[in-house]
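Novice: Pasting a predicted model and its sequence here:
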Amino acid sequence: SKVGSGQRVAVDEDENRDRAARSLLDIRDLAIAYPRPDGKLNEVVRGVSLAVQRGKVMGLVGESGSGKSQTAFATLGVLPNEAVIVRGSILFDGEELVGLTDAQMRPLRGKAIAYIPQEPMSNLDPSFKVGSQLVEGVRSALGISKKEAKERVLALLKRVGINDPERTFDSYPHQISGGMAQRVLIAGAVASRPKLLIADEPTTALDVTVQAEILDLLRDLQSELDMAVLLVTHNFGVVADVCDQIAVMRQGEIVEQGDIEQIFDHPQHEYTKMLLNAIL
Ligand code: ADP
Ligand code: MG
């Protein structure tokens, strides 16, 4: 069913229930476009269908510019104002997200759906201490007191591998490394015990040695908290160790998706074969 921008997709409620029973996140035929200078729409995501199972890690892989982040942003409800969802459905835990207003999206974002960005520093305010920023997020996500939130943040900092949580809590962002900052953001993201964590290139900005540690941490937390993860990356090597399933994206479309073993052992699409040859 084709819809205009901002319109809710009319879908059958029984069908939504079936889809929600099968997958936590079920994206169907999603198309996202930007207006060109001539006024015509340029579709940068073109008919993406993608399912993330409860408690599983789905890798969304493809080269830069293929539309991975746009797909992630649509799911988080943070597409830029000029973007148009041309058609499609994003069902999260039985709820249609396409057409929700920012106010309707707010109870989900940062709570049931958490996010970690590519550039950890860009998501920390340089003028406030790390701890106070986390406490604010945790307070608003969980509706607990400042004191409880601080205790929770300190425990989480420890859990994500920060040796001296008190010290990191009292540091300004410029006083910690990029890897530490990403650990801090992961702590903030999982504080609300999200059902889905969207990680967009979470290791791309980090040193190679730190990358593996962060991926290990994500995998550990994923199984510990039984959360689903949508791991967005241009790096096929990253998905190999971490993902249960992958979807391969190219020029706005998904060319192939399935269980990781199946795709690594029997890639169907020439593009997937080419990507695999580059890492094997
Ligand atoms: P990826 O995350 O896979 O690298 P993106 O989802 O960021 O790719 O981008 C997909 C396409 O959408 C790119 O061609 C990019 O140029 C285009 N795009 C992204 N943001 C905008 C925007 N604000 N206006 C116009 N085009 C955009
Ligand atoms: Mg991107």
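Specialist: Received, thanks. Numbering: from 1, shown residues only. Ligands and ions are numbered 1, 2, ... in the order given.
Novice: C-alpha only now, for contacts and for neighbours.
Specialist: Will do.
Novice: which residues touch Ile214?
Specialist: Contact analysis of Ile214 by C-alpha atoms under 8 Å, 6 or more residues apart in numbering lists 179, 182-183, 203.
Novice: swap that for Ile27, please
Specialist: 48-51, 88-91.
Novice: Out of these, which comes closest to ligand 1?
Specialist: Nearest to ligand 1 among the contacts of Ile27: Val48, at 12.0 Å, using C-alpha to the nearest ligand atom.
Novice: Packing partners of the helix or strand hosting the closest one?
Specialist: In this structure, Val48 is located in strand 41-52 according to DSSP states H and E. Identification of packing neighbours for strand 41-52 by 3 or more C-alpha pairs under 8 Å, 6 or more residues apart in numbering; DSSP states H and E yields strand 25-35, helix 68-76, strand 228-233, strand 253-259.
Novice: Starting from the longest one, tell me which strands it pairs with and how they run.
Specialist: For strand 25-35, the paired strands and their directions (DSSP bridges) are strand 41-52 (antiparallel), strand 84-92 (antiparallel).
Novice: so which of the contacts of Ile27 is the most crowded?
Specialist: Ser89 (26 neighbours; other C-alpha atoms under 10 Å).
Novice: nearest residue to it other than its sequence neighbours?
Specialist: In space, and not counting its chain neighbours, Ser89 is closest to Arg28: 5.1 Å by C-alpha to C-alpha, 6 or more residues apart in numbering.
Novice: okay but the one you found is in contact with Leu50, surely?
Specialist: Yes: Arg28 lies in contact with Leu50 (C-alpha atoms under 8 Å); the separation is 6.6 Å.
Novice: got the contact list for the residue nearest to Ser89?
Specialist: 47-50, 88-90.
Novice: mind running it again at 6 Å?
Specialist: 49, 88-89 (C-alpha atoms under 6 Å, 6 or more residues apart in numbering).
Novice: Turn the residues you listed into a markdown table, including pLDDT and distance to Ala21.
Specialist: What follows is the contacts of Arg28, written out as a markdown table (pLDDT from 0 to 100; distance: C-alpha to C-alpha, whole Å):
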| residue | pLDDT | distance to Ala21 |
| --- | --- | --- |
| Ser49 | 98 | 17 |
| Gly88 | 98 | 19 |
| Ser89 | 97 | 16 |
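Novice: Dump the residues you listed into a markdown table; add distance to Leu230 as well.
Specialist: Output for those, formatted as a markdown table (distance: C-alpha to C-alpha, whole Å):
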| residue | distance to Leu230 |
| --- | --- |
| Ser49 | 14 |
| Gly88 | 19 |
| Ser89 | 17 |
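Novice: Distance from stretch 268-278 to the middle of the chain?
Specialist: Mean-position distance between stretch 268-278 and its chain equals 24 Å (C-alpha atoms, centre = their mean, to the nearest Å).
Novice: my bad, stretch 156-172
Specialist: Its chain's C-alpha centre and that of stretch 156-172 lie 23 Å apart, by C-alpha atoms, centre = their mean.
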